[in-house]
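**Student:** can you look at this prediction? I've put the sequence above it.
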Amino acid sequence: MSALAPTPASPAPATHGRPPDPLVPGGRVDALTGLRFLAALAVFAHHFTGLGGPDSGVARVPAFFPYTTMGVHGVGFFFVLSGFLLAWGYRPGTSARLFYWRRAGRIWPAHLAAGLLALVLLFWWGGRATDTFSVLASLLLVQTWFPGVTPTLPGNSVAWTLSVELFFYALFPLLVRGALALRTRTLLAVSGASLAVMAAVNLWLLTHLSGAATEWVMRHPLARLPEFGLGLVAALALRRGARPAARAWPVAVALAAYTVAYTRRGEWAGEGTVLLEATVRPVVALLAVGLVVACVVRATGDGARGEGWLASPALVRLGLWSYAFYLLHQTLNHAITDRWGHQPAGGVAFFTMIGTAVVATALAGALHHGLEEPARRWWAARPPRWVTGRGDRGRGRALFLPHRSGGRS
């Protein structure tokens with residue numbers, strides 16, 4: 001999602017007792033834009049290689065499998081980044097109606113285009129089963145809010161994460177105002193407790209419910225709210241002056257080690273496998289926030305050393321295209337398997353994966369420049385009177401300027 005523009009902010013409102021820490025403006029961090037493309041690429045790699053079965057993914061790539069299966073948790077990074085960026089650029093006093101207006105213009109044009117493409121290619125031509133209710137739920141982005149849709153991920157299947165994000169957007173004005181009234185230590189304690197509850201709930205689900213019911217609950221927005229909240233709290237802590245001695249490379253090494261351990265859990269964990277499965281989302285959220293904080297500290301801390309290769313022009317551009325890339329890549333994967341079937345594992349699959357990623361990237365660039373960004377600018381420049389509370393359309397531009405350090409949705 002694209003962050004709200006960093007603008008001078010007022011101190012957080014006072015509360016009874018000790019006042020909350022003062023809030024200072026956030027700044028642009030291009031490394032986060034580059035980082036979100038790598039996360040989108042991880043999700044693509046997981047969807048391309050699948051889970052290893054003959055009917056899973058396009059083809060298994062032995063050089064990367066089973067480590068690519070960790071890519072399914074790349075969406076957790078996006079939830080963390082979403083909360084972080086919205087809080088990083090938040091301006092106290094901003095109208096909730098204007099926030100909602102901007103979010104709608106940011107996510108829906110590209111989503112509707114990609115969703116209609118998926119419906120035509122996969123359901124109309126491809127013959128997959130669905131129904132009118134499920135199609136409308138997917139287009140309106142409420143498909144994860146209740147069970148019973150057909151199939152489990154209707155329409156453009158990856159848009160389930162946007163359904164979760166939409167729920168977060170609805171709560172954000174309330175959440176951020178409540179968070180601003182609390183001290184940083186309190187927020188960190190609440191966030192840590194919510195992650196612990198998330199792990200406990202996941203463990204109960206895995207040991208008491210069926211696989212289908214467990215998957216639905218784990219995709220529900222309420223179940224993913226701790227990840228969003230962790231990002232929000234981290235952003236407010238940094239805006240209040242916290243600058244931990246965070247570096248990206250130790251977090252990246254920890255993520256790589258955890259990926260190996262998690263994806264090969266069946267070989268060594270034994271009965272502990274279910275515990276690893278229950279805690280993977282909170283662990284990934286903590287690793288994700290570690291990477292985000294490290295990037296921000298490097299870019300904005302005292303004696304800033306620059307943002308490094310993540311902020312290179314090429315990677316930033318790919319990051320700007322990452323939302324469109326995310327929306328299109330799985331439809332392209334399905335189109336390949338519908339036309340040519342699942343491909344055999346082996347060295348050729350590697351080049352097929354590279355070619356598919358290149359095509360998806362080219363299509364993403366076209367969607368971004370042809371529709372997503374023009375529609376966002378057009379929409380942002382035309383908030384109606386009931387949104388701004390006055391006839392001055394320029395107020396929308398003043399409160400929410402374009403910002404490059406965006407997230408996926």
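**Tutor:** Looks like it came in fine.
**Student:** now do the helices in the stretch 101-250 of the chain.
**Tutor:** 132-140, 160-180, 184-208, 211-219, 221-239, 248-263 (DSSP state H, counting those that start in this stretch).
**Student:** I should have written the stretch 301-409 of the chain there, sorry.
**Tutor:** 313-340, 347-367, 373-380, 385-388, 394-399.
**Student:** right, so the ones you listed: which one is the most enclosed?
**Tutor:** Among the helices of the stretch 301-409 of the chain, helix 313-340 has the highest mean neighbour count (mean count of other C-beta atoms under 10 Å), at a mean of 21. Quick note: C-beta positions are derived from backbone N, CA and C, even for glycine.
**Student:** by contact count, what packs against that helix?
**Tutor:** On a contact count with 3 or more C-beta pairs under 8 Å, 6 or more residues apart in numbering; DSSP states H and E, helix 313-340 meets helix 30-49, helix 96-118, helix 347-367.
**Student:** so which of those comes closest to Val75?
**Tutor:** helix 30-49 (6.6 Å; C-beta to C-beta).
**Student:** tilt between the closest one and helix 160-180?
**Tutor:** 150 degrees (axes from the mean of the first three to the mean of the last three C-alpha atoms, to 10 degrees).
**Student:** now do whichever helix or strand comes after helix 30-49: which elements does it pack against?
**Tutor:** Using DSSP states H and E, the helix or strand that follows helix 30-49 in sequence is helix 74-88. Helix 74-88 sits against helix 30-49, helix 160-180, helix 221-239, helix 273-300, with contacts defined as 3+ C-beta pairs under 8 Å, 6+ apart.
**Student:** compare those and report which one is nearest to Ala245.
**Tutor:** Closest among the helices and strands packed on helix 74-88, once you apply C-beta to C-beta, is helix 273-300, at 8.0 Å.
**Student:** mind listing what's buried along that closest one?
**Tutor:** Of all the residues in helix 273-300, those buried under the rule 16 or more other C-beta atoms under 10 Å are 277-300.
**Student:** ok, now stretch 237-256?
**Tutor:** Counting neighbours by 16+ other C-beta under 10 Å, one finds that the buried residues in stretch 237-256 are Ala237, Leu238, Arg239, Arg240, Ala246, Ala248, Val251, Leu255.
**Student:** averaged pLDDT, that stretch. What do you get?
**Tutor:** Stretch 237-256 shows a mean pLDDT of 92.
**Student:** need the CA coordinates for that stretch. CSV is fine.
**Tutor:** Taking Å, rounded to 0.1, in the frame of the first residue of the first chain, the C-alpha atoms of stretch 237-256 are listed here in CSV:
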residue,chain,number,x,y,z
ALA,A,237,7.8,4.0,18.4
LEU,A,238,10.2,5.2,15.7
ARG,A,239,8.3,8.4,15.2
ARG,A,240,8.5,9.0,19.0
GLY,A,241,12.3,8.9,18.8
ALA,A,242,13.2,5.2,19.3
ARG,A,243,16.2,4.2,17.4
PRO,A,244,17.2,0.6,18.3
ALA,A,245,20.6,-0.6,17.1
ALA,A,246,19.0,-2.6,14.3
ARG,A,247,20.8,-3.9,11.3
ALA,A,248,19.2,-5.8,8.4
TRP,A,249,21.8,-8.5,7.8
PRO,A,250,21.4,-10.3,11.2
VAL,A,251,17.6,-10.4,10.6
ALA,A,252,18.1,-11.7,7.1
VAL,A,253,20.4,-14.4,8.4
ALA,A,254,17.9,-15.3,11.0
LEU,A,255,15.1,-15.4,8.4
ALA,A,256,17.2,-17.7,6.2
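**Student:** chain center to stretch 88-95: distance?
**Tutor:** Relative to its chain's centre, stretch 88-95 lies at 20 Å (C-alpha atoms, centre = their mean, to the nearest Å).
**Student:** cool, stretch 43-57 as well?
**Tutor:** 20 Å.
**Student:** give me the contacts around that stretch.
**Tutor:** Residues from elsewhere that reach stretch 43-57 (C-beta atoms under 8 Å, 6 or more residues apart in numbering): 58-61, 64-66, 68-72, 74-75, 158, 325-326, 329-330, 333, 342, 353, 356-357, 360.
**Student:** one more time with 7 Å
**Tutor:** 58, 60-61, 64-66, 68-69, 71-72, 74-75, 326, 329-330, 333, 342, 353, 356-357, 360 (C-beta atoms under 7 Å, 6 or more residues apart in numbering).
**Student:** stretch 211-228 too?
**Tutor:** With contacts defined as C-beta under 7 Å, 6+ apart, stretch 211-228 is touched by 76, 79-80, 82-83, 144-145, 147, 160, 164, 167-168, 194-195, 198, 201-202, 205-206, 281, 285.
**Student:** can you list the weak-confidence ranges in this structure?
**Tutor:** Within the chain, the set of residues satisfying pLDDT under 70 comprises 1-22, 25, 52-54, 301-306, 390-409.
**Student:** much appreciated, bye for now.
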